[in-house]
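*Asks:* Below are the sequence and a predicted model for it; my questions follow.
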Amino acid sequence: MKAMQISSFIAGEYVGVGGRNAFENINPADGSVISHVIEASADDVDRAVQAAKRALKGPWGRLSVPERARLLEKVAARIEERFDEFLAAEVADTGKPVTLASHLDIPRGAANFRAFASVIESAPTKGFTMRGPTGGDVINYSLRTPKGVIAVVCPWNFPLLLMTWKVAPALSCGNTVVVKPSEETPSTASLLGDVMREVGIPDGVYNVVHGFGPNSAGEYLTSHPLVDAITFTGECKTGEAIMRAAAAGTRPVSFELGGKNAGIVFADCNMEKAVDTTVRAIFMNAGQVCLHTERVYVERPFFEEFTAKVSARAKALKPGQPHDKSTTIGPLISAEHRKKVLGYYQKAAAAGARAHTGGGEFRMEGALAKGFWVEPTVWTGLDDGAAINREEIFGPCAHFSPFDSDDEVVARANDSDFGLAAMVLTENLTRAHRIAGQLEAGTCWINSWFLRDLRAPFGGAKRSGIGREGGVHSLEFYTELKNVCVPI
Ligand code: NAD
């Protein structure tokens with residue numbers, strides 16, 4: 001099959017090749033070339049930002065909230081109508097099982113637009129005050145206005161889902177966006193450009209520039225002086241680089257960064273459900289989920305039994321063709337990422353960890369032999385200071401260790417630079433709520449994992465992020481709050 005070409009989308013048009021560099025987009029399941037991606041030049045990024053700036057003042061800027069909301073609903077509906085195209089593109093780019101992408105990635109891509117159409121229409125209008133403090137009648141009221149041009153820089157693990165999680169609220173508030181998708185997963189962002197055109201989103205409101213980070217589209221975009229705010233999901237180190245770029249011009253940032261999330265399993269949990277939830281929390285999307293659990297603390301009396309049950313389930317996960325509905329685990333995103341994850345597998349072995357299952361590469365056959373597969377892995381035996389217990393691995397693996405008391409496990413769970421998510425599994429809800437309050441994490445799941453209400457605040461504590469998005473919390477980042485004061 002001939003590899004396709006993926007282009008940037010600027011001012012309502014796909015950009016041609018015209019002297020630009022191209023790079024290969026690789027299918028991680030089998031190493032084949034899916035497409036050639038035309039890298040945006042600094043001039044392309046400038047044109048995208050200028051187009052986004054102009055669009056703020058065009059018809060987009062004059063739409064009422066209900067009119068904008070109706071357009072976003074149309075985007076959602078059109079993603080659903082073109083579901084199969086989005087699904088095929090996402091599965092090819094990521095190699096993830098079609099069962100996962102069809103239940104999560106693409107439906108959530110559409111749901112993000114519906115959710116924020118609804119949020120903006122029902123947004124609270126509080127902030128109205130009469131009679132000023134200095135006597136006489138003074139009215140103060142608050143106006144929320146769009147922030148302007150938003151740079152949206154995205155990772156590869158849930159390309160459409162995480163991109164639309166930023167684009168939908170940004171557009172709902174009347175901003176315009178320039179998206180820089182991950183170089184690993186460029187397809188659905190470009191495809192969304194076509195949807196935007198089809199439903200009548202004005203040119204320049206949604207733009208996409210393809211390329212890499214440093215000295216490429218990512219850096220050109222985040223350092224562009226006409227960008228008014230930057231929203232970013234990715235690694236902590238990249239966040240630091242983007243923060244430096246944002247410092248020029250003191251632009252606000254919203255960051256969703258890495259994690260090293262703890263799961264706490266008490267002996268009084270519902271064992272069957274706890275095993276299910278833990279298996280999902282470690283292995284979904286081959287562990288390439290910022291929220292996934294890499295440190296599991298199990299109450300000592302049933303540590304051996306619980307670890308054995310999760311290990312048996314991990315061993316039974318089935319790698320295979322992403323479109324085969326019996327496949328339950330996909331590959332890692334790239335050869336480079338596999339090298340990083342296998343590096344941790346080697347570090348764990350060298351430090352004396354016991355691998356209850358996994359610990360190496362999956363030896364795949366046929367076409368899949370060229371993909372980036374690693375075994376789901378469960379370790380025990382290392383202390384909390386080991387590299388695999390402190391650094392984000394972002395692969396299908398976790399270390400299990402026993403604990404004896406609530407205070408001990410809370411202290412150990414909190415002993416991390418990261419603070420993205422935590423999971424507590426127990427049937428004692430008093431204990432669960434107490435511990436949820438003590439854990440230093442942006443999200444704490446009790447007897448669940450990755451259960452998301454898009455109106456709830458989402459973000460990370462400590463090094464895991466800056467700010468909160470979700471529901472009205474997103475509106476706080478994507479709007480400027482203005483006070484208007486008038487004596488009458
Ligand atoms: P990454 O930081 O390597 O890349 C993310 C994006 O940033 C890519 O588009 C990349 O091209 C761009 N980029 C890289 N360097 C840049 C620079 N100097 N300037 C501007 N842009 C630059 O992250 P990744 O490997 O794509 O994603 C995995 C990471 O994302 C993990 O750490 C994971 O925990 C994190 N993540 C966090 C969340 C969350 O909600 N907190 C969600 C998903 C992923």
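*Replies:* Nice, I can see it. Numbers count the residues shown, from 1 in each chain.
*Asks:* Any regions of the protein where pLDDT drops low?
*Replies:* The chain contains residues with pLDDT under 70 at 1-3, 125-136.
*Asks:* Kindly report the domain assignment for it.
*Replies:* Annotated domains of the chain cover 4-257+464-487, 261-453 [automatic domain parsing].
*Asks:* To the ligand, which of these lies closest?
*Replies:* Among the domains of the chain, domain 4-257+464-487 comes nearest to the ligand, with 2.1 Å by Cβ to the nearest ligand atom. Just so you know, the C-beta spots here come from the backbone N, C-alpha and C atoms, and that holds for glycine as well.
*Asks:* Export the domains of the chain as TSV, with columns for mean neighbour count and distance to the ligand.
*Replies:* Formatted as TSV, the domains of the chain follow (neighbours: other Cβ atoms under 10 Å; distance: least, Cβ to the nearest ligand atom, whole Å):
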stretch	mean neighbour count	distance to the ligand
domain 4-257+464-487	20	2
domain 261-453	19	3
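*Asks:* Tell me how far Asp30 lies from Lys325.
*Replies:* 18 Å (Cβ to Cβ, to the nearest Å).
*Asks:* contacting residues for His210?
*Replies:* Contacts for His210 (Cβ atoms under 8 Å, 6 or more residues apart in numbering) come out as 6-8, 37-40, 180-181, 183, 186, 190, 217.
*Asks:* mind running it again at 7 Å?
*Replies:* Contact partners of His210, counting by Cβ atoms under 7 Å, 6 or more residues apart in numbering, are 6, 8, 37-40, 181, 186, 217.
*Asks:* for the helix or strand hosting Ala241, the distance to its chain's centre please.
*Replies:* Taking DSSP states H and E as the definition, Ala241 sits inside helix 236-247. Offset of helix 236-247 from its chain centre (Cα atoms, centre = their mean, to the nearest Å): 17 Å.
*Asks:* One more: stretch 192-204?
*Replies:* In terms of Cα atoms, centre = their mean, the centre of stretch 192-204 is found 23 Å from the chain centre.
*Asks:* quick one: the helices in the stretch 251-400 of the chain?
*Replies:* With DSSP state H, counting those that start in this stretch, the ranges of helices along the stretch 251-400 of the chain come out as 271-283, 303-315, 335-350, 387-390.
*Asks:* just the stretch 101-250 of the chain next, same as before
*Replies:* Counting by DSSP H, counting those that start in this stretch, the stretch 101-250 of the chain has helices at residues 106-121, 159-172, 187-199, 217-222, 236-247.
*Asks:* Minimum distance to Arg468: which of the ones you listed has it?
*Replies:* helix 159-172 (11.6 Å; Cβ to Cβ).
*Asks:* Which neighbouring elements make contact with that closest one?
*Replies:* Applying 3 or more Cβ pairs under 7 Å, 6 or more residues apart in numbering; DSSP states H and E, one finds that helix 159-172 contacts helix 65-81, helix 83-94, helix 106-121, strand 149-153, strand 176-180, helix 187-199, helix 471-478.
*Asks:* rerun at 8 Å
*Replies:* Judged by 3 or more Cβ pairs under 8 Å, 6 or more residues apart in numbering; DSSP states H and E, helix 159-172 is in contact with helix 65-81, helix 83-94, helix 106-121, strand 149-153, strand 176-180, helix 187-199, strand 229-233, helix 471-478.
*Asks:* Only alpha carbons, please: show the second one as CSV.
*Replies:* Backbone C-alpha positions of helix 83-94 (Å, rounded to 0.1, in the frame of the first residue of the first chain) are rendered in CSV as follows:
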residue,chain,number,x,y,z
PHE,A,83,-15.9,7.3,13.1
ASP,A,84,-14.2,4.6,11.0
GLU,A,85,-11.8,7.0,9.4
PHE,A,86,-10.7,8.4,12.7
LEU,A,87,-10.5,4.9,14.2
ALA,A,88,-8.4,3.5,11.4
ALA,A,89,-6.0,6.5,11.5
GLU,A,90,-5.6,6.3,15.3
VAL,A,91,-5.1,2.6,15.4
ALA,A,92,-2.5,2.8,12.6
ASP,A,93,-0.6,5.7,14.3
THR,A,94,-0.6,4.1,17.8
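*Asks:* could you point out which element follows it?
*Replies:* Tracing the chain past helix 83-94, the next element assigned as helix or strand by DSSP H and E is helix 98-100.
*Asks:* sorry, back to before: what comes into contact with the helix holding Ala241?
*Replies:* Under the criterion Cβ under 8 Å, 6+ apart, residues 153, 213-214, 218-219, 222-223, 230, 232, 252-253, 255, 257-258, 463-466 lie in contact with helix 236-247.
*Asks:* what's the angle from it to strand 149-153?
*Replies:* Using axes from the mean of the first three to the mean of the last three Cα atoms, to 10 degrees, the direction of helix 236-247 lies 160 degrees away from that of strand 149-153.
*Asks:* Now do helix 236-247 and strand 229-233, the angle between them.
*Replies:* 180 degrees.
*Asks:* Just the CA trace of stretch 396-404, in CSV.
*Replies:* Output in CSV follows, covering the C-alpha atoms of stretch 396-404 (Å, rounded to 0.1, in the frame of the first residue of the first chain):
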residue,chain,number,x,y,z
PRO,A,396,3.2,-2.1,30.8
CYS,A,397,4.8,-2.7,34.2
ALA,A,398,4.5,-2.0,37.9
HIS,A,399,6.3,-2.9,41.1
PHE,A,400,4.3,-4.4,44.0
SER,A,401,5.3,-4.1,47.7
PRO,A,402,3.6,-4.9,51.0
PHE,A,403,2.6,-2.4,53.7
ASP,A,404,1.4,-2.7,57.3
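*Asks:* now that stretch, how far from the centre of its chain.
*Replies:* 24 Å.
*Asks:* can you check stretch 98-117 too?
*Replies:* Its chain's C-alpha centre and that of stretch 98-117 lie 13 Å apart, by Cα atoms, centre = their mean.
*Asks:* Gly359 touches Ala350, doesn't it?
*Replies:* No - counting by Cβ atoms under 8 Å, Gly359 does not reach Ala350; the two are 11.6 Å apart.
*Asks:* got a list of what the residue nearest the centre of the chain touches?
*Replies:* The structure's the chain has its C-alpha centroid closest to Leu162; by Cα atoms, centre = their mean the separation is 4.3 Å. For Leu162, the contacting residues are 154-155, 233, 256, by Cβ under 8 Å, 6+ apart.
*Asks:* of those, closest to Leu71?
*Replies:* In terms of Cβ to Cβ, no member of the contacts of Leu162 lies closer to Leu71 than Cys154, at 21.6 Å.
*Asks:* From Ala353, how far out is the closest one?
*Replies:* Taking Cβ to Cβ, one finds Cys154 at 33 Å from Ala353.
*Asks:* contacts for the helix or strand containing Val424?
*Replies:* Using DSSP H and E, Val424 sits within strand 421-425. The contact list for strand 421-425, computed with Cβ under 8 Å, 6+ apart, reads 259, 261-266, 269-270, 273-274, 277-278, 281, 290-291, 293, 413, 432, 435-436, 439, 441-449, 460.
*Asks:* how about 6 Å then?
*Replies:* Residues from elsewhere that reach strand 421-425, judged by Cβ atoms under 6 Å, 6 or more residues apart in numbering: 261-265, 269, 274, 281, 291, 293, 432, 435, 439, 441, 443-447, 449.
*Asks:* Report the strands that pair with that strand, each with its relative direction.
*Replies:* Neighbouring strands of strand 421-425 in its sheet, by DSSP bridges, are strand 261-265 (parallel), strand 443-446 (parallel).
*Asks:* Alright, I will stop here.
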